[in-house]
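J.: Fold the following, please.
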Amino acid sequence: MGNPRINFFTPGVLVLRVCLLGLAGGLALSAIAYATGHPHLGKGLLLGSFLSPLQLLTLQSLTNKVVKAGPAKGLGVFRFYNLFRWAYFVLVCWILLQVSVSCLLGGLLSYTWFLLVLGWVGFRTALPKKK
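T.: Take a look at the predicted model:
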């Protein structure tokens, strides 16, 4: 049956951990914003907490496609998919701005929270293990 313990430091589990922690924090911040009477900020935090993990997963997919393409075609693949990722980011910002500036601010705050979680998990993973 194998080892029943899950290794939380494998790459797939790390991405899952970052996505879940980022989502949980974004949902908590969104609930606080709604509770304090800031519905547009809460909506932006909510949407940002769901869209930020998607941004990370597209970056992971981009990396896999560039590596599989090899050195000859890798740069072209990178440019194409990176342009797609930036277009997605601009589209999301434009949609949030159509709701309100507070909604865009909430989405950017949620994305910042997600990047902080990503940095924290990466830092904790890079630390040497205690003996």
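J.: Can you tell me the closest non-neighbouring residue to residue 85?
T.: Of all residues not flanking residue 85 in the chain, residue 58 sits nearest, at 5.5 Å (C-beta to C-beta, 6 or more residues apart in numbering). Glycine gets a C-beta too; all of them are placed from N, C-alpha and C.
J.: The one you found: helix or strand, and which one exactly?
T.: helix 39-99 (DSSP states H and E).
J.: Following element in sequence after that helix, please.
T.: Counting by DSSP H and E, what follows helix 39-99 is helix 101-126.
J.: Now do that following helix against helix 39-99, angle only.
T.: 110 degrees (axes from the mean of the first three to the mean of the last three C-alpha atoms, to 10 degrees).
J.: now for helix 101-126, which elements pack on it?
T.: helix 11-35, helix 39-99 (3 or more C-beta pairs under 8 Å, 6 or more residues apart in numbering; DSSP states H and E).
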